[in-house]
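J.: Next input, structure requested:
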Amino acid sequence: MDSLDKVDAAIADRLQQDGRLSNAKLADQLALSEASCWRRHKRLEQEGVIEGYQAILNRRKLGGGVLAFVQLTCTQHSEEVTAEFEKVIQACSRVLSCHNTTGESDFLLQVVARDLDDYSQFVDKVLRKLPGVSSIRSNISLREMKSTNRLPITELLSPHP
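T.: Alright, predicted model coming up:
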């Protein structure tokens, strides 16, 4: 999408806050006709600005007591090893996110587990068996002070000073 205007940004922001917001309420909040609001909403979906909708779940209430940030360093970077690494990571539901990063480590993972024993088993059975991995460094979250997937739309769309 080339650019979002203020109305598109407002639609995206409201839906980011409440993905269950009806088209009628969204249109009313933004002083748009329902047809115009629906067309803009659908265009945001079609152009990939809105990728999907999901419920935000409380990991602790579902038994996910441990959240770990894991730095992986690799010794092999061939296409074959990288492809196998990505395949394993993509298939692993405990890995909430994986980023190829700059710095000392090659990858940063966010991993959820029931408890420390469960996390230890995950390290032994999955991470230590990943192809090309030479170093694993885990940081366990002691207290989550902020967690969000909401993007700062206004700040991202503002021109630089």
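J.: In contact with the residue with the largest distance to the centre of the chain: list those residues for me.
T.: The outermost residue of the chain, judged against the average C-alpha position, is residue 33 (32.4 Å), by CA atoms, centre = their mean. Shown in contact with residue 33 (CB atoms under 8 Å, 6 or more residues apart in numbering): residue 27. Where you see a C-beta, it was placed from the backbone N, CA and C, and this is true even at glycine.
J.: contacting residues around the helix or strand of the chain with the lowest mean pLDDT?
T.: Ranking every helix and strand in the chain by mean pLDDT, DSSP states H and E puts helix 153-157 at the bottom, with a mean of 89. The contact list for helix 153-157 (CB under 8 Å, 6+ apart) reads 4, 9, 12-13, 16.
J.: do that again at 6 Å, thanks
T.: For helix 153-157, the surrounding residues in contact (CB atoms under 6 Å, 6 or more residues apart in numbering) are 9, 12-13.
J.: List the buried residues of it.
T.: residue 153 (16 or more other CB atoms under 10 Å).
J.: what helix or strand is the residue nearest to residue 151 when sequence neighbours are not counted on?
T.: Nearest residue to residue 151, sequence neighbours excluded (CB to CB, 6 or more residues apart in numbering): residue 16, at 6.8 Å. Take DSSP states H and E as the rule and residue 16 turns out to sit in helix 6-17.
J.: Convert the C-alpha atoms of that helix to PDB, please.
T.: Below are the C-alpha coordinates for helix 6-17, written out as PDB (Å, rounded to 0.1, in the frame of the first residue of the first chain):
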ATOM      1  CA  LYS A   6      -5.800   9.700   8.300                       C
ATOM      2  CA  VAL A   7      -9.100   7.800   7.900                       C
ATOM      3  CA  ASP A   8      -7.300   4.500   6.900                       C
ATOM      4  CA  ALA A   9      -5.000   5.000   9.900                       C
ATOM      5  CA  ALA A  10      -7.900   5.600  12.200                       C
ATOM      6  CA  ILE A  11      -9.700   2.500  11.000                       C
ATOM      7  CA  ALA A  12      -6.500   0.400  11.500                       C
ATOM      8  CA  ASP A  13      -5.900   1.900  14.900                       C
ATOM      9  CA  ARG A  14      -9.500   1.200  16.100                       C
ATOM     10  CA  LEU A  15      -9.500  -2.300  14.800                       C
ATOM     11  CA  GLN A  16      -6.100  -2.900  16.400                       C
ATOM     12  CA  GLN A  17      -7.700  -1.900  19.800                       C
END
